[in-house]
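Participant: the following comprises the amino acid sequence and a computationally predicted model.
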Amino acid sequence: MNLISIRIITEDVKGLVSFYEQLTGMPAIHYTDDFAELKTRSATLAIGSTRTLQFFGGAEVAKAAQNRTAIIEFMVEDVDSEYQRLADSLQPYIVQVPKIMPWGNKSLLFRDPDGNLVNFFSPISPEAIKKFKN
């Protein structure tokens, strides 16, 4: 089994895609006005409109802007430089400035415009670096 993607359901595909494009520096692939993907080396962040829920059983299957349990995580080369690059645009969304976590990662936490929690992290301890080495 292999985790391939995480899909965010939103009422504003265009706005959320634009946010993640700015955040990652990667262009999204727009399949329709209701669905886009940002493909990374290891997984895909899919963004779908609430209209796509009709294909999964109806509007009650998922609710836009209601996530309070999952964290969308991106491993980055240098958390501090990403924080400096994005500090102005992320200011209203910052949850935690870069901080070293007990498990050996340096982490920057913020929310996207829909309130989803996002973590930019860099492994910094020898154990964490070894864990993520390819």
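Facilitator: Everything's here; your move. Residues are numbered from 1 along each chain as shown.

Participant: measure how buried residue 33 is and give me the count.
Facilitator: Residue 33 has 10 neighbours, counted by other Cβ atoms under 10 Å. C-beta coordinates here come from the backbone N, C-alpha and C atoms, glycine included.

Participant: how close does the nearest residue to it once chain neighbours are set aside sit to residue 25?
Facilitator: Among residues not flanking residue 33 along the chain, residue 13 sits closest, at 6.8 Å (Cβ to Cβ, 6 or more residues apart in numbering). Counting by Cβ to Cβ, to the nearest Å, the gap from residue 13 to residue 25 is 19 Å.

Participant: who's more crowded, the two?
Facilitator: residue 13 (23 against 9).

Participant: just give the nearest non-adjacent residue to the residue nearest the centre of the chain, would you?
Facilitator: Nearest to the mean C-alpha position of the chain, counting by Cα atoms, centre = their mean, stands residue 72 at 4.2 Å. Closest residue to residue 72 apart from its sequence neighbours, by Cβ to Cβ, 6+ apart: residue 118 at 4.9 Å.

Participant: please report phi then psi for that neighbour.
Facilitator: phi -120, psi 140 (degrees, to the nearest 10).

Participant: same check on the one 10 residues further on?
Facilitator: When quoted as degrees, to the nearest 10, the phi and psi of residue 128 stand at phi -70, psi -40.

Participant: likewise residue 15?
Facilitator: Per degrees, to the nearest 10, the backbone of residue 15 is at phi -70, psi -40.

Participant: isn't it up against residue 113?
Facilitator: Yes - counting by Cβ atoms under 8 Å, residue 113 is a contact partner of residue 15 at 6.0 Å.

Participant: before we move on, the earlier item: any figure for the gap between the residue nearest to residue 72 and residue 19?
Facilitator: 10 Å.

Participant: domains of the protein?
Facilitator: 1-59, 69-134 (automatic domain parsing).
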